[in-house]
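Trainee: Mind looking at a prediction? Sequence and model below.
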2 protein chains.
Amino acid sequence: MPLKCAKCGKEKAELSIADGRVRLCEICFIDYYEKKVKETVEKYDMFKPDESLGIAVSGGKDSSSLLYCLRKIFPKLDITAIHINLGIKNYSDHCEMKVKELTDRLDVKLIIKRVEDQGFSIDGFKNTIYRRKICSPCGIIKRHLIDEMAIKAGVKVLATGHNLDDTVGTMLSAFFSEDFTQLVRLKPVLYPHHPLQTKKVKPLLRMTELEDYLYALYSELPIRNQSCPHSIGTQSRETKKLLERLSEGKPGFRYQVLNLFLKKLIPMIEDKLKQPDLTICKSCGFPSSSEVCAYCRRVSLVKSVIN
Amino acid sequence: MPLKCAKCGKEKAELSIADGRVRLCEICFIDYYEKKVKETVEKYDMFKPDESLGIAVSGGKDSSSLLYCLRKIFPKLDITAIHINLGIKNYSDHCEMKVKELTDRLDVKLIIKRVEDQGFSIDGFKNTIYRRKICSPCGIIKRHLIDEMAIKAGVKVLATGHNLDDTVGTMLSAFFSEDFTQLVRLKPVLYPHHPLQTKKVKPLLRMTELEDYLYALYSELPIRNQSCPHSIGTQSRETKKLLERLSEGKPGFRYQVLNLFLKKLIPMIEDKLKQPDLTICKSCGFPSSSEVCAYCRRVSLVKSVIN
């Protein structure tokens, strides 16, 4: 006899949540997922139900689930989906197509910026000192362009699809490499320090990667089915392996680490860490901790090599 | 042709140190080991070369190497070896014999206390709530008895054989279980807060478990060749596994974690952590953070069950 859902007691249990301890049917899982996202938004006071919200969407499972779920649970939100077409061959156009499909279906406003319109390409970093480690400059460029678009679109809050696995993995890796500035940036809410910054929130902070995937699957969302060609053997995969090793045989380990960092470690570090003096990048005019911001330095680097 | 020692360039290289990056012959290894211990003692100002020093010795590789090495590099030290016979069947008498052999050979004063003379036995904890997790009460009892003996013997400083692997493993495990009080106790030097406490030091803090073993082996020290019958599947073995998983393929990981905790994390925690109010145990009269100290509570527990 098949196992029944632990929540409704009627339908066949299809999957396990909470690190294998609870079995749910599809309908009850969707309900569980949406309630948990709503709770997270409310717990950290991420935004009001009728605020203007930008959502960074990549075409992947996390940000697609985020967009779909927030649209569903907060019907009065004024949502703008923000997408960066990174111009990566055999990858980015496919991602953009999936994003368009989803925003069309949800009738959500979508704004797109293309990296190639900025006069360079992400693929070009292959010919710089980054060689195969393109994720680092790509992340800097993506974040800057999204921030810029959010400001120009006039959204009050910007939401991103960082999940529990991403967050905890990055926490551990930043901790062990003593990058305390990076650690503090992993908080659920980051408040702006300058008019050209947006409040940033992570509503999927407590959802696992698998939960995001299942939510997208059960909600039949169009998501990309290709991996970024630059992601093979990169730091983020290393971080994932570290997390897997640590949580082996320990259900709940990721939640435990999240709480340890959010409640104990980050507050302690924030007390000690000097807030970097914010200045204005003399090239693009956006807030920066150095004379020329990280984005503009990467752009000038990639433009200086022959692609 | 066999590889030559990286230091003397003459002898055959017998082993690797510094996580596999340097190959040494036996003689140069012993020299490297003793220099590094001396540096550690001096770096943290653990004791003066002619001070009266208690050394806790168990019969194992770490504390035997510690005693032998300190005797050799600081010939003017006034050393008292302190041993607890835990009364564990098929184990403790063997350990005591090895300790006697070593102190006889070195002509070092040895004082011994037997747990059975205190009217209980470590094996008796099997019949308490601890069941198979005897390492926890055993550690508390051992520490208390050693502290008591050090005070009675009038030594200025008490040295223990904690190695790099022990220390880093316990650091990680205390960190992930949010036991910040335990973390702070892992510092290289603990200063007394009460006349019935001794300054405690860990001269082997930067030596790996393997290095302690090799030093004992090459110095032909008598060390126990039996494992404690209670140690199977215990927390400390779990901690060891955690450390192995984390340092897989990362030479230097243990040193990196040691530095992170000693230089960054522990100072931050100490700033925040309230020093527990020290009182006097109303049963034994030794300093304690509660009315009856952890030792006396364990002893009364084990005495209350039939063994």
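Mentor: Yep, it's here.
Trainee: What parts of the stretch 101-250 of chain A come near chain B?
Mentor: Within the stretch 101-250 of chain A, the residues that sit near chain B (C-beta under 8 Å from any C-beta of the partner chain) are A:175, A:176, A:178, A:180, A:242, A:245, A:246, A:248. Any C-beta I mention is one placed from the backbone N, CA and C, and that applies to glycine too.
Trainee: of all those residues, which comes closest to chain B?
Mentor: residue A:245 (4.1 Å; C-beta to the nearest C-beta).
Trainee: For the closest one, give me its contacts.
Mentor: Shown in contact with residue A:245 (C-beta atoms under 8 Å, 6 or more residues apart in numbering or on different chains): B:245, B:246, B:248.
Trainee: Does the first one belong to a helix, a strand or coil?
Mentor: Which is residue B:245. Three-state call for residue B:245 (DSSP: H, G, I helix; E, B strand; the rest coil): helix.
Trainee: gap between it and residue B:153?
Mentor: As judged by C-beta to C-beta, to the nearest Å, residue B:245 and residue B:153 stand 41 Å apart.
Trainee: One more: the last one?
Mentor: When distance is defined by C-beta to C-beta, residue B:248 is 43 Å away from residue B:153.
Trainee: Those two: which is more packed in?
Mentor: The neighbour comparison of residue B:248 against residue B:153 (other C-beta atoms under 10 Å in any protein chain shown) goes to residue B:153, with 15 against 11.
Trainee: Now the more buried one. Nearest residue, chain neighbours left out?
Mentor: Spatial nearest neighbour of residue B:153, chain neighbours left out: residue B:80 (5.2 Å); criterion: C-beta to C-beta, 6 or more residues apart in numbering or on different chains.
Trainee: Look up how far chain A lies from that neighbour.
Mentor: Distance of residue B:80 to chain A, given as C-beta to the nearest C-beta, to the nearest Å: 40 Å.
Trainee: Can I take it that that residue is in a strand?
Mentor: Yes: under three-state DSSP, residue B:80 falls within a strand.
Trainee: where does it land on pLDDT?
Mentor: Looking at residue B:80, its pLDDT reads 98.
Trainee: Next up, the contacts around it.
Mentor: By C-beta under 8 Å, 6+ apart, the contact set of residue B:80 is B:52, B:53, B:54, B:55, B:108, B:109, B:110, B:111, B:153, B:155.
Trainee: Next: residue A:138.
Mentor: For residue A:138, the contacting residues are A:86, A:122, A:125, A:230, by C-beta under 8 Å, 6+ apart.
Trainee: Which helix or strand contains it?
Mentor: helix A:135-153 (DSSP states H and E).
Trainee: Identify the neighbouring strands of the helix or strand that that helix is followed by in the sheet and state each direction.
Mentor: Scanning forward in sequence from helix A:135-153 by DSSP H and E, the next helix or strand is strand A:157-159. Partner strands for strand A:157-159, per DSSP bridges, with pairing direction: strand A:52-56 (parallel), strand A:199-201 (parallel).
Trainee: Let me see the ranges of the helices in the stretch 201-307 of chain A.
Mentor: With DSSP state H, counting those that start in this stretch, the ranges of helices along the stretch 201-307 of chain A come out as A:209-218, A:235-247, A:253-259, A:266-272, A:294-304.
Trainee: Would you reformat those helices as JSON lines and include mean pLDDT and distance to residue A:187?
Mentor: Output for those, formatted as JSON lines (pLDDT from 0 to 100; distance: least, C-beta to C-beta, whole Å):
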{"stretch": "helix A:209-218", "mean pLDDT": "93", "distance to residue A:187": "20"}
{"stretch": "helix A:235-247", "mean pLDDT": "74", "distance to residue A:187": "18"}
{"stretch": "helix A:253-259", "mean pLDDT": "92", "distance to residue A:187": "11"}
{"stretch": "helix A:266-272", "mean pLDDT": "87", "distance to residue A:187": "6"}
{"stretch": "helix A:294-304", "mean pLDDT": "91", "distance to residue A:187": "20"}
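Trainee: And for residue A:140, nearest residue in space, chain neighbours not counted?
Mentor: Counting by C-beta to C-beta, 6+ apart, residue A:140 lies nearest to residue A:294, which is 5.0 Å off, once chain neighbours are set aside.
Trainee: Tell me who's in contact with that neighbour.
Mentor: Residue A:294 is in contact with A:140, A:144, A:288, counting by C-beta under 8 Å, 6+ apart.
Trainee: Could you do residue A:229 as well?
Mentor: The contact partners of residue A:229, by C-beta under 8 Å, 6+ apart, come to A:88, A:89, A:90, A:91.
Trainee: If we use 7 Å, what do you get?
Mentor: A:88, A:90, A:91 (C-beta atoms under 7 Å, 6 or more residues apart in numbering or on different chains).
Trainee: Now that we have these, which of them are buried?
Mentor: Among the contacts of residue A:229, those that count as buried by neighbour count (16 or more other C-beta atoms under 10 Å in any protein chain shown) are A:88, A:91.
Trainee: thought residue A:293 was touching residue A:286?
Mentor: Yes: counting by C-beta atoms under 7 Å, residue A:293 touches residue A:286, with 6.1 Å between them.
Trainee: quick one, which of these two is more surrounded?
Mentor: Set residue A:293 next to residue A:286 and count neighbours by other C-beta under 10 Å: residue A:293 wins out with 22 against 17.
Trainee: On the three-state scheme, residue A:84 is what?
Mentor: strand.
Trainee: list the contacts for it?
Mentor: With contact set as C-beta under 7 Å, 6+ apart, residue A:84 has these partners: A:113, A:115, A:142, A:145, A:146.
Trainee: ranges for the helices of the stretch 1-150 of chain A?
Mentor: Per DSSP H, counting those that start in this stretch, the stretch 1-150 of chain A carries helices over the ranges A:26-43, A:61-73, A:92-106, A:135-153.
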